[in-house]
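**Q** any chance you can model this:
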Amino acid sequence: MEPTVSASPARQPRLTYLFSRWPVLSQTFVDNEMLALEAAGWDVSVAAINPPVQALRHARLDGLRAPVLHNPPPSVRKVMESRARADGRWPAAMVDDFAARFGGGDEAAKRCRNALYFAEILPEIGIDHLHIHFANQATYSALFLKSLAGLSFSFTPQAQDFMVDLRTPDLLREMARESAFIVAPCDDARRELADRCPDSAAKMVRIYNGIDPSGYPAPAHAPRSGPLRLVSVGRLIEFKGFHHLLSAVATARAAGIAIHLDLMGDGPWRERLEAQSAQLGLGDAVVFHGSVQLQQMKEAFAAADAFVLACIIDPAGASDMLPTVITEAMLSSLPVVSSRIAGIPEQVEDGVTGLLTAQGDEAALANALITLARDPELAHRMGAAGRRRAESMFAASVTLPQLEAAFRGQSATARTAPPAGMAAYYDLADPASRDAFLREESALRRHGVRPWLEAEGVAGKHLRAIQWPGRAFWLPDPNGLQMELAHWPRFGGTLASLRRASGLSEEAFATAAPRALWLATQWPRHGRPQWLHAPGSCGAAVAAIVAALLEQPALPAAPAPAPDAPWWSRPLPRPLRSRVRASAVDRWFHTQSRAAARVSSR
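**A** Reported below is the predicted structural model:
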């Protein structure tokens with residue numbers, strides 16, 4: 001029997017931000033948006049179709065309260081697709097229609113497969129509406145989520161995604177037609193979108209990407225006594241225009257201007273840009289920092305005299321639209337030197353908050369740098385004016401109410417499932433844990449417990465034995481787990497102490513710790529568990545570490561059966577195992593629930 005679902009008073013919709021991949025270091029504007037919504041009282045969750053690539057994320061995501069749902073591994077998605085095809089849930093006609101209209105070979109089938117898990121889990125946890133940044137794979141999958149689960153969606157096309165990356169404008173028009181509304185990040189983007197999707201223009205709304213100014217206290221810039229200190233930040237790709245910036249720096253230096261450039265970011269053009277810098281003889285006047293944390297960027301802004309982003313429209317038509325980093329620089333009271341393209345003139349008022357040049361005009365860019373170097377007072381006035389402009393136009397307090405109004409226009413189901421009070425973890429690569437899960441899965445379902453599963457490298461025959469993969473929560477891949485392990489310093493001391501006291505081998509602890517940390521940070525977001533269940537040798541270590549991290553050392557974990565344990569908890573003869581064990585697990589759950597209730601009532 002399914003757990004009861006209780007109605008609550010009328011409320012605002014529960015939102016899920018759907019990502020092709022999450023987190024992504026460069027997408028600070030999306031992080032800003034989710035954190036601002038949470039601060040305003042919205043119930044937000046994150047759904048990631050694919051795990052992160054980088055092992056680095058911004059530390060401020062520690063403050064995100066949103067539950068994070070990861071798609072199961074591709075092998076599990078394949079199993080779900082086979083079952084959907086067998087039982088008639090696979091939208092074959094829609095997949096075939098999209099493949100015929102939008103091309104891409106089996107891309108439509110992939111996007112549908114990526115949607116199957118979320119089509120099951122999101123409605124069950126009470127999600128009402130999806131929002132996606134970028135017209136990309138996630139928005140393509142949202143088309144299937146709407147068909148399969150009835151979930152409405154909205155999206156924010158940014159720039160390159162809708163202008164270049166989509167295979168055909170027909171797909172963008174389909175996304176726009178099926179969406180509840182479309183957010184354009186600037187007026188220029190809205191014009192571009194309306195030109196491409198005229199039938200959907202009425203539901204396009206311009207909302208600037210907002211930032212909380214309190215995170216950027218105005219620095220006290222001391223009078224400059226050394227070189228002009230410049231900062232530029234972005235992915236090292238062609239349309240960011242770093243190659244033009246390096247040439248302009250060389251030109252300004254040849255005119256007698258001392259310049260130091262801190263270039264922050266990484267990407268496929270790094271080797272080429274480093275070679276160009278060496279060829280121009282820039283030496284230590286240019287420092288390539290690679291990918292950095294947000295705090296490192298802020299510190300560089302505080303020490304800088306100006307911010308430069310020499311972006312262009314590349315030969316394929318890709319470009320920035322409204323670079324968030326420009327707003328961040330303005331909030332840091334820096335004058336901005338950039339290009340007169342896309343939405344940048346909406347950010348930077350030429351001659352007032354910075355200097356704009358024609359894209360790719362290296363001579364004009366060099367002259368702008370020379371102007372700021374020779375007139376520090378002008379640079380200071382522009383920086384102060386930029387701060388005022390950013391606060392009046394791009395502060396979250398200005399932009400968030402507009403986004404909230406759009407979200408409130410979506411329906412809310414007002415259905416929430418109470419937490420089960422138990423958290424369960426199974427590593428399906430561990431035979432003991434896997435066997436326990438296959439025995440206990442039905443009992444978990446009866447008692448409303450959603451297990452957390454890990455299935456890296458598990459054979460297909462074992463995956464096919466899972467009855468309800470769409471009702472489980474799935475851990476991220478090993479890279480995602482390691483990324484989290486590196487970004488929770490407040491747990492570092494506890495983990496170090498546990499390592500010394502655990503008696504586990506270094507390898508065993510290194511395996512258990514990142515899983516425990518993920519579960520310790522995620523379980524409370526779904527309702528703080530009263531007790532843990534984690535079978536298998538690794539599971540026992542994970543449960544013990546979780547209990548310590550949650551500062552609930554008395555939180556009971558289900559141990560492996562001892563020789564003198566009750567008959568129903570011992571391994572059973574194989575012919576009886578399935579039938580008897582299911583009944584035994586029910587009994588075990590009821591016993592633990594009563595014990596937990598007695599503890600909580602004291």
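
**Q** low pLDDT regions in the stretch 1-150 of the chain?
**A** Low-confidence segments of the stretch 1-150 of the chain (pLDDT under 70): 1-11.

**Q** 80 instead?
**A** Along the stretch 1-150 of the chain, the model assigns pLDDT under 80 to residues 1-11, 55.

**Q** next SSE downstream of the helix or strand hosting Ser154?
**A** Assigned by DSSP states H and E, Ser154 falls within strand 152-156. Later in the chain than strand 152-156, the nearest helix or strand by DSSP H and E is helix 160.

**Q** neighbouring contacts of that next one?
**A** The contact list for helix 160 (CB atoms under 8 Å, 6 or more residues apart in numbering) reads Phe239, Ala318, Ser319. Just so you know, the C-beta spots here come from the backbone N, C-alpha and C atoms, and that holds for glycine as well.

**Q** which of those residues has the largest number of neighbours?
**A** Highest neighbour count within the contacts of helix 160: Ser319, with 24 neighbours (other CB atoms under 10 Å).

**Q** give the contact list for that one.
**A** With contact set as CB under 8 Å, 6+ apart, Ser319 has these partners: Ala159, Gln160, Met163, Phe239, Cys311, Ile312, Ile313, Ile341, Ala342.

**Q** can you give me the domain assignment for the protein?
**A** Domain assignment for the chain by automatic domain parsing gives 6-212+398-416, 214-393, 422-601.

**Q** next, Val30: secondary structure please.
**A** Here Val30 is recorded as helix under DSSP: H, G, I helix; E, B strand; the rest coil.

**Q** same thing with Tyr208?
**A** Here Tyr208 takes the coil state, with states given by three-state DSSP.

**Q** number of residues surrounding it?
**A** Neighbours of Tyr208 using other CB under 10 Å come to 26.

**Q** before we move on, the earlier item: ok, residues contacting the strand holding Ser154?
**A** When contacts are defined by CB under 8 Å, 6+ apart, strand 152-156 is touched by residues 18, 128-135, 139, 142, 145-146, 175, 178-185, 406-407, 410-411.

**Q** so which of those residues belong to strands?
**A** Members of the contacts of strand 152-156 lying in strands (criterion: DSSP state E): Leu18, His129, Leu130, His131, Ile132, His133, Ile182, Val183, Ala184.

**Q** any idea what the fourth one is bridged to?
**A** Here His131 sits in beta bridges with Tyr17, Ser154, going by DSSP bridges.

**Q** can you get me a residue count around it?
**A** Counted with other CB under 10 Å, His131 comes out at 27.

**Q** on that earlier part again, which of the contacts of strand 152-156 are buried? Put it as a PyMOL command.
**A** A single PyMOL command is used to select the members of the contacts of strand 152-156 judged buried by 16 or more other CB atoms under 10 Å:
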select buried, resi 18+128+129+130+131+132+133+134+135+139+142+145+146+175+178+179+180+181+182+183+184+185+406+407+410
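
**Q** ok, back up a step: in a markdown table, list the ones in strands among the contacts of strand 152-156 along with distance to Leu400.
**A** Supplementary listing: the ones in strands among the contacts of strand 152-156 in a markdown table, determined by distance: CB to CB, whole Å:
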| residue | distance to Leu400 |
| --- | --- |
| Leu18 | 20 |
| His129 | 16 |
| Leu130 | 19 |
| His131 | 13 |
| Ile132 | 18 |
| His133 | 15 |
| Ile182 | 18 |
| Val183 | 12 |
| Ala184 | 16 |
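
**Q** what's the closest of these to Leu463?
**A** For the ones in strands among the contacts of strand 152-156, the residue nearest Leu463 by CB to CB is Leu18; the value is 23.9 Å.

**Q** may I ask you to confirm that Arg89 is in contact with Leu148?
**A** Yes. Counting by CB atoms under 8 Å, Leu148 is a contact partner of Arg89 at 7.3 Å.

**Q** neighbour count winner among the two?
**A** Legend: neighbour count by other CB under 10 Å for Arg89 and Leu148, higher for Leu148 (20 against 14).

**Q** for Gln410, see how far away the more buried one is.
**A** Distance from Leu148 to Gln410, counting by CB to CB, to the nearest Å: 18 Å.

**Q** helices along the stretch 101-250 of the chain, start to end?
**A** For the stretch 101-250 of the chain, the helices defined by DSSP state H, counting those that start in this stretch occupy 107-124, 137-149, 160, 169-178, 187-196, 242-254.

**Q** how far is the third one from where the chain is centred?
**A** I take that to be helix 160. Computed by CA atoms, centre = their mean, to the nearest Å, the chain-centroid distance of helix 160 equals 19 Å.

**Q** and the last one, by the same measure?
**A** Mean-position distance between helix 242-254 and its chain equals 35 Å (CA atoms, centre = their mean).

**Q** just the C-alphas of that helix, formatted as PDB.
**A** Coordinates of each C-alpha in helix 242-254 appear next as PDB, following Å, rounded to 0.1, in the frame of the first residue of the first chain:
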ATOM      1  CA  PHE A 242      40.900  36.800 -24.800                       C
ATOM      2  CA  HIS A 243      43.200  36.700 -27.900                       C
ATOM      3  CA  HIS A 244      42.100  40.300 -28.700                       C
ATOM      4  CA  LEU A 245      42.600  41.300 -25.100                       C
ATOM      5  CA  LEU A 246      46.200  39.900 -25.000                       C
ATOM      6  CA  SER A 247      47.000  41.800 -28.200                       C
ATOM      7  CA  ALA A 248      45.500  45.000 -26.700                       C
ATOM      8  CA  VAL A 249      47.600  44.600 -23.500                       C
ATOM      9  CA  ALA A 250      50.700  44.300 -25.600                       C
ATOM     10  CA  THR A 251      49.800  47.400 -27.600                       C
ATOM     11  CA  ALA A 252      49.200  49.400 -24.400                       C
ATOM     12  CA  ARG A 253      52.500  48.200 -22.900                       C
ATOM     13  CA  ALA A 254      54.300  49.300 -26.100                       C
END
